[in-house]
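> pasting the structure only:
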């Protein structure tokens, strides 16, 4: 079971992963994130960021090494419980929204967890209110703007009551207003938050800790203010100051 004291804590030890074509995407990643931390995961394309994210809820399985969430190993019989604890919000919300209405999409996770009807209603209402989409229950996701669809995608995850929220390029494709709304949303989240992004301004504004990946390994890990002030470090790994 998830350790109540460690709920939201992420621990990755000696993680290796190779794709079926033999490409080794992760080459021994070690990373620990405390419950409630907000962490940026940055680095050039192909660094292994997205591959790492997919290990946090069991979509990818380690070739070698371990991943634990709240003290529970991401493996075998635990995966169903882990996927309720770790909400993954994809870069493209259309990968996450597939039901006829917003209500159906946000209710889908709790419904398949066996949650009672009344509790599903409460969770849907709470999740949509949290992302500023209350009143959109009967709307078709395909008729919403990209920013609105991203917020609904986050609501589908929040309705599962996760302890960890994982975002892959959340600000991609957003106009300035949508980006500002996203930043305010991220600031208000109380869960552990891990964000893979190229948006260094987002990192500076929202995420106190930054982890740089390159070549399938962690090459730097520290306070965002220090990482973002190190021009030589950023340049070595294809990054720029915000």
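Received the coordinates, thanks. Remember, it's a predicted structure, so these values are computed and weren't measured experimentally.

> Helices of the chain, start to end?
Along the chain, counting by DSSP state H, helices occupy 49-53, 79-85, 102-112, 117-130, 146-158, 176-188, 200-206, 224-228, 231-236.

> what's near enough to touch the closest residue to residue 119 other than its chain neighbours?
Leaving aside its chain neighbours, residue 119 sits nearest to residue 110 (6.9 Å; criterion: CB to CB, 6 or more residues apart in numbering). In this view, the C-beta of every residue, glycine as well, is placed from N, C-alpha and C. Contacts of residue 110 were listed using CB atoms under 8 Å, 6 or more residues apart in numbering, and they are 119-120, 123-124, 159-160.

> thinking again about what came up before, would you reformat the helices of the chain as TSV and include distance to residue 6 and mean pLDDT?
Below are the helices of the chain laid out as TSV (distance: least, CB to CB, whole Å; pLDDT from 0 to 100):
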stretch	distance to residue 6	mean pLDDT
helix 49-53	20	95
helix 79-85	11	90
helix 102-112	23	93
helix 117-130	24	94
helix 146-158	20	93
helix 176-188	23	91
helix 200-206	24	96
helix 224-228	24	97
helix 231-236	31	96
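
> Residue 185 contacts residue 133, correct?
No. Contact criterion CB atoms under 8 Å: residue 185 and residue 133 do not qualify, at 10.7 Å.

> list residues touching both of the two?
Contact criterion CB under 8 Å, 6+ apart; residues shared by residue 185 and residue 133: residue 151.

> So for these two, which sits in the more crowded spot?
Set residue 185 next to residue 133 and count neighbours by other CB atoms under 10 Å: residue 133 wins out with 20 against 17.
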